[in-house]
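Asks: Generate a structure from the sequence data that follows.
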Amino acid sequence: MELKIGTKIVEFRKKKGITQEQLAAILGVSAPAVSKWETDSSCPDITLLCPLARALGTNVDTLLSFEEELSQESLGQYMEEIIRLSRQGETGKAEEKLNGLLRAYPSNISLKFSAVAALTIFDMNAAPEEESKQRWCRQKKELAQAIHDDGNPAFYLFSVSMLVALALEEEDLESAEKLLQENIRRAGDFTFQWARLYLKKGQQDKALEVLQRQTYKVVGDLRACLASLMEQELGLERQRVLEICRIMEQLDRLFYIQGSSGLLSAAKPTKYGVRTFSIGSPGLLAEVYLREGDPKKALEYLEVLTEQIVGSPAVPNPLVFAPAIDGKLEQAGFSQEIKLAILQGLEKDVCFEPLRGQERFDALVRRIADNLAGNPGEKADGETE
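Replies: Modelled structure (predicted):
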């Protein structure tokens, strides 16, 4: 950054209560020289910095506004000014200030991260001058590589994504694939980078597969979050809990055939009860509706759950997930252990007491028990399977 100490000289000179002429006499220079320092028209000779600091009652670090490291607050203020200049059409000034910061703090990773974002904004705001765009692209690559080589975990995945994106833009598919392969076991989502790479290589089937697998995972993660929102311990009011139930139902209708959850908890139940019973969407919704005083609705979902337990495993919506998720991958079947946990919950947990003795409830309990025993059992309407 350009050295500007004029404001500091004025500030400390006035605190000392001396004039420009008096300060000039102390240092053995002319009054006009001091005036030029204070207006940043020129800078003091390096040999005068220590005498100047002593004359003003301060030190050289303070006089030069030296910061050993750039604070997040200062960085935010600098970047705000740089972005403002760019949006006002003064990209040249913005770029000059940014590069000044990078020279002043050459090892600051947070600054390098912010600089990549600023250069992207320059590209968006400035006129399409090919020379400028190429320069900014090269600088972004250099900064991203520096962040990558530093290995700071807070910025590492970002640097990988940026380097892959830049490599794909340059049609350097080999470098892009190498970076993705090197980081395949790291926590982080490179789905879109893999998809773009496969499309660049003309492998549409692989691009489709990686996107479908990630969609399947994202839907599962969303459903897990919705399920957590329905936890009784959160104390949400009834209307909000029921609205979350409806959202869960809509998700199941959109993404899974016959309203199946398609995703089961990986945890192995160790005892009966509501928590082990509520595996899959219908079971969870049944529990919530029962808790909210709607046993009729709860019973409807228990019957859906029973159909899933004794019937064929549900297949994820083929319009969305085929061929990557073809019904055999991550099959939604219930293990014997989970079936037993659900049956024990239905038979013993106090929350199902209001349903016991009802013909529909007793019939579904028998169907699950018969299925566990390897018998066909009865349908809810009394017909044999």
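
Asks: I'd say residue 194 and residue 180 touch.
Replies: Yes - contact between residue 194 and residue 180 holds when scored by C-beta atoms under 8 Å: they sit 6.1 Å apart. For every residue, glycine as well, the C-beta is placed using N, CA and C.

Asks: Neighbour count: those two, which is higher?
Replies: Taking other C-beta atoms under 10 Å, residue 194 and residue 180 do not tie; residue 194 has more neighbours (21 against 18).

Asks: where's that one, which helix or strand?
Replies: Using DSSP states H and E, residue 194 maps to helix 191-200.

Asks: Run through who's touching that helix.
Replies: 161, 164-165, 168, 171, 173, 176-177, 180, 204, 206-207, 210-211, 214 (C-beta atoms under 8 Å, 6 or more residues apart in numbering).

Asks: If we use 10 Å, what do you get?
Replies: 160-161, 163-165, 167-169, 171-173, 176-177, 179-180, 183-184, 190, 203-211, 213-215, 217-218 (C-beta atoms under 10 Å, 6 or more residues apart in numbering).

Asks: same check, this time on stretch 18-34
Replies: With C-beta under 10 Å, 6+ apart, stretch 18-34 has contacts from 6, 9-10, 12-13, 16, 35-38, 41-42, 44-45, 48, 51-52, 54-56.

Asks: Which helix runs longest in this protein?
Replies: helix 204-229 (DSSP state H).

Asks: helices and strands around the helix or strand just after it, which ones?
Replies: Going down the chain from helix 204-229, the next helix or strand is helix 238-255, by DSSP H and E. Helices and strands touching helix 238-255, by 3 or more C-beta pairs under 10 Å, 6 or more residues apart in numbering; DSSP states H and E, are helix 204-229, helix 281-291, helix 295-310, helix 318-321.

Asks: Now a PyMOL select for only the buried ones of the contacts of helix 191-200.
Replies: Buried members of the contacts of helix 191-200, defined by 16 or more other C-beta atoms under 10 Å, are picked up in PyMOL with:
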select buried, resi 160+161+163+164+165+167+168+176+177+179+180+183+190+206+207+208+209+210+211+213+214+215
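
Asks: I'd like to know which helix or strand in the protein has the lowest mean pLDDT.
Replies: Least confident helix or strand of the chain, by mean pLDDT, DSSP states H and E, is helix 274-277 with a mean of 40.

Asks: Buried ones among the contacts of stretch 18-34?
Replies: Judged by 16+ other C-beta under 10 Å, buried ones among the contacts of stretch 18-34: 6, 9-10, 12-13, 37-38, 44, 48, 52, 55-56.

Asks: Between all of these, which two are separated the most?
Replies: Based on C-beta to C-beta, the longest span within those runs between 10 and 48 and measures 16.3 Å.
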